Structures are given as C-alpha cells and as structure tokens.
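**Q** structure, please.
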Amino acid sequence: IETFGMQKINQYILNQFDIKKTELQRKMLDEIAIQNGKNNYTTQNDMLTIFSKLYHKEILNDFFCKFALNVLSQQRYKNQILRYIYQFFHKTGSLDFISHDVGIMIINDCAYYIGVSVYDSNQKDGNKQLIGKIGKQIYKNLNY
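**A** As a prediction, this is how the structure comes out:
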C-alpha cells in the first residue's frame, strides 16, 4: 500500500481480475480509518475468482503463485475451517461480530474453493467455531 497507493492497487484489482466488488479503503488495523467509515470490502464471488486464478496460475507467474499458495498454507489462524482439517490454502479475517475464512481445499486430488462468512454474529469475535464445523462437514462430504 505504501509503495503503490490504494488507488493504483484498486485499479489493478479491477483491471487484472475484472472484479468489481473488492475495494481497499484502509490499511490493516487502522482503527482511525474504521472510525471514519473506511473499510476493505470483497465478496465470496470475488474471492473465488482470485483464488481460482492463483491456483490455476493464471496470475503473476509460476514462482509467485507457488509462493503465494505456500504463504496461504501456513496461516497461523487455525480456529475456523482449518480447526478440523489439515490442508487448506486460506485467508481468515474478522471484525467485531463478523468472521470469514476463504481458500482452496485439496481433497482426493481435486481443488475446491471454500468460503464461509458469518455476519451479525451474537459473538463479538464472530463465530469461528461454526465456520470450523461447516468446513469439517464440507471436508467429510467431499472426502469419499
């Protein structure tokens, strides 16, 4: 964000991925920006597009796609979909009363995009355990 600026990043996302509902408005953990009504937005459909292009190496180049997948496979937060399964290239996120986990799950040599978002949770830190249970059920149903 410091190197390129938010406007150029947003323009790149729009032009490179043809996704229209993802927008960067603030840096991570920028509480002042949040208080001023700025946030970062995306949709499950936009995430599907990005993860699919990354997995099929249709963006960047082979080296950087592998590098990105390696980073995604080593996420430290294992309290959502990765709660009950062991291989998931993913990115989690949360705000007050919101949580999500999106990524690629490999089952029987097939890649599946999995994205779960919980909004308006009755728990301040979102409902990560529910997301974990949904991920576990998806894994069990697809692992035949």
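
**Q** share the number of residues neighbouring Y119, please.
**A** Per other CB atoms under 10 Å, the neighbour tally for Y119 reads 11. Quick note: C-beta positions are derived from backbone N, CA and C, even for glycine.

**Q** for it, what are its contacts?
**A** 97-98 (CB atoms under 8 Å, 6 or more residues apart in numbering).

**Q** quick one: secondary structure of K8?
**A** helix (DSSP: H, G, I helix; E, B strand; the rest coil).

**Q** number of residues surrounding it?
**A** When neighbours are counted by other CB under 10 Å, K8 comes out with 11.

**Q** gap between it and V71?
**A** Separation of K8 from V71 (CB to CB, to the nearest Å): 22 Å.

**Q** for the protein, where's the lowest mean pLDDT among helices and strands?
**A** Lowest on mean pLDDT, DSSP states H and E among the helices and strands of the chain sits strand 89-95, with a mean of 87.

**Q** what's it in contact with?
**A** So strand 89-95 is contacted by 39, 51, 55, 69, 72-73, 75, 77, 79-82, 99-105, 114, 125-126, 128 (CB under 8 Å, 6+ apart).

**Q** just the CA atoms of the longest helix seen in the chain, as CSV, please.
**A** Longest helix in the chain by number of residues (criterion: DSSP state H): helix 128-142. Output of helix 128-142 as CSV, limited to C-alpha atoms (Å, rounded to 0.1, in the frame of the first residue of the first chain):
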residue,chain,number,x,y,z
LYS,A,128,-15.2,-19.1,14.2
GLN,A,129,-16.3,-22.4,15.7
LEU,A,130,-19.4,-22.5,13.5
ILE,A,131,-17.1,-21.8,10.4
GLY,A,132,-14.9,-24.7,11.6
LYS,A,133,-17.8,-27.1,11.8
ILE,A,134,-19.0,-26.1,8.4
GLY,A,135,-15.5,-26.7,7.0
LYS,A,136,-15.3,-30.1,8.7
GLN,A,137,-18.7,-31.1,7.2
ILE,A,138,-17.7,-30.0,3.8
TYR,A,139,-14.5,-32.0,4.1
LYS,A,140,-16.3,-35.1,5.3
ASN,A,141,-18.9,-34.8,2.4
LEU,A,142,-16.2,-34.4,-0.3
